[in-house]
Structures are given as C-alpha cells and as structure tokens.
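> What would the 3D arrangement of this be:
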Amino acid sequence: MELTQDNIDLIERLIKSDRKYSNNEDLYEDFFNETAKRSLSIMNAIESEATLEAYLKRIVTTSIISVLKDSGRLRRTRSGYMSTKEVALKRNDSIDYSNVKIDYSSINIPHNPEEIVIQKEILKFVADTIKKIDAQEPDKDYLHIYTLRYDKGMTQKEISQEIGISQSEVSKRLYSLMGLVKNAIE
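Purely as a prediction, here's the structure:
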C-alpha cells in the first residue's frame, strides 16, 4: 500500500499545523516518516474524510512527540510532555509578579465541536471493538483491564493488584488488546 498525493499533502499540512512543529522544523522528515509508518495501515480503512483527518491528527501528534522524545527535545512529566528547555510548574503553582498574580491551575484547552464529534465516533468504534473482543475471550478480562487503565487512569501495577494477576500479565494483555483493535481497524 502506498500513500496518495492527497494523503501526503494532508499529513504535511497536519504536521505543519501542530504546535510542536514550530522550532523543530529541522525534524520534518522524521515527523513525516513516523506519521506515514503509523498511519499507512488505516488509510484505506477509514472512508470518512473528516474521520481520517481527525485520526491522522492524533497520529501526527503522537509521532511528533515520539520523535521529539527520541531526539532528546521533549521529556515526560506528571502533567504531560514538555520541552527539555522548559522548567516545570506544579499544578497549583502560581507566579507572583509584584502586584500581578498569575494562576495556572485552571487552564483548559477548548475543543471545537467537530473535534468532539470525531473523537466520540472514534472512541465509540474502539469501545465497540473492545466489547466484541472481550466477549470472544472473556477469560482475558480485556474490557475490565481497559477500563481500569484508560478510564480510571490506574497504573499497570495498580491493575495487577486490583484483579490479582501479575503486572507483566497486565502489560501483555494490554499489548495484545492493542494488536486486536489495530487488526479490527485494518
């Protein structure tokens, strides 16, 4: 399978519109290659142009983060990812500039309605797929593990303690589940 020129143009536009692209333009080829590698298998599976664009936007973001981490320009913190050149502020930190106090604890990034609809469509597909997979292999407890990990934000260690299996088994099942969902998309 190969990328069409329309898909190449779409990926290029999405990369260049991502906020992490600025000041990292020299890594464009790496961003593009990583995105193409991650998205090649789903290009023909998604028929809706809007859904494809939304899905690719997520892949672009993930690819850019991956490349930036690999190149040492980004690091993971408790609150997400940040440039290695930045200094982290704690969630409830605020900065006092004389008489002006800036509070960072209530910053929310708004989503536009189209993104919300597309996210819901993708999440519904993934949820339905996970339910089908769980019904086919109920002894693996995929749905419960998925819910604990991604809905409740528990670590693999916490999940292993919760359901009484080893942390490595939780990891294996999550990895297996990702592969099964990926196969359902293809």
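> lowest-confidence helix or strand of this structure?
None of the helices or strands of the chain scores lower by mean pLDDT, DSSP states H and E than strand 94-97, at a mean of 50.
> Could I get the full set of strands for the chain?
In the chain, the segments counted as strands under DSSP state E are 74-77, 80-83, 94-97, 100-103.
> Out of the ones you listed, which gets the lowest mean score?
When the strands of the chain are compared by mean pLDDT, strand 94-97 comes last with a mean of 50.
> Tell me who's in contact with the residue lying closest to residue 21 once chain neighbours are set aside.
In this structure, residue 21 finds its nearest non-sequential neighbour in residue 15, 5.8 Å apart by CB to CB, 6 or more residues apart in numbering. Quick note: C-beta positions are derived from backbone N, CA and C, even for glycine. By CB atoms under 8 Å, 6 or more residues apart in numbering, the residues touching residue 15 are 21, 28, 31-32, 35, 60, 64.
> how does it look with 10 Å?
Residue 15 makes contact with 21, 25, 27-28, 31-32, 34-35, 56-57, 60-61, 63-64, according to CB atoms under 10 Å, 6 or more residues apart in numbering.
> what's the pLDDT at residue 99?
So residue 99 comes in at 56 (pLDDT).
> ditto for residue 183
Model confidence at residue 183, given as pLDDT, is 86.
> So it sits against residue 129, correct?
Yes - using CB atoms under 10 Å, residue 183 is in contact with residue 129, at 9.4 Å.
> These two: which is more packed in?
When neighbours are counted by other CB atoms under 10 Å, residue 183 and residue 129 differ, and residue 129 comes out ahead with 17 against 11.
> Not counting sequence-adjacent ones, nearest residue to the more buried one?
Distances taken as CB to CB, 6+ apart place residue 184 nearest to residue 129, at 4.6 Å, with adjacent residues excluded.
> OK, contacts around the one you found?
Taking CB under 10 Å, 6+ apart, we find residue 184 in contact with 45, 125-126, 128-130, 132-133.
> returning to that earlier point: how about the contacts of residue 15 in a markdown table, adding distance to residue 156 and neighbour count?
A markdown table is the format used below for the contacts of residue 15 (distance: CB to CB, whole Å; neighbours: other CB atoms under 10 Å):
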| residue | distance to residue 156 | neighbour count |
| --- | --- | --- |
| 21 | 32 | 17 |
| 25 | 36 | 10 |
| 27 | 31 | 19 |
| 28 | 34 | 14 |
| 31 | 29 | 25 |
| 32 | 32 | 18 |
| 34 | 25 | 21 |
| 35 | 27 | 23 |
| 56 | 29 | 23 |
| 57 | 28 | 18 |
| 60 | 27 | 27 |
| 61 | 23 | 16 |
| 63 | 24 | 25 |
| 64 | 25 | 24 |
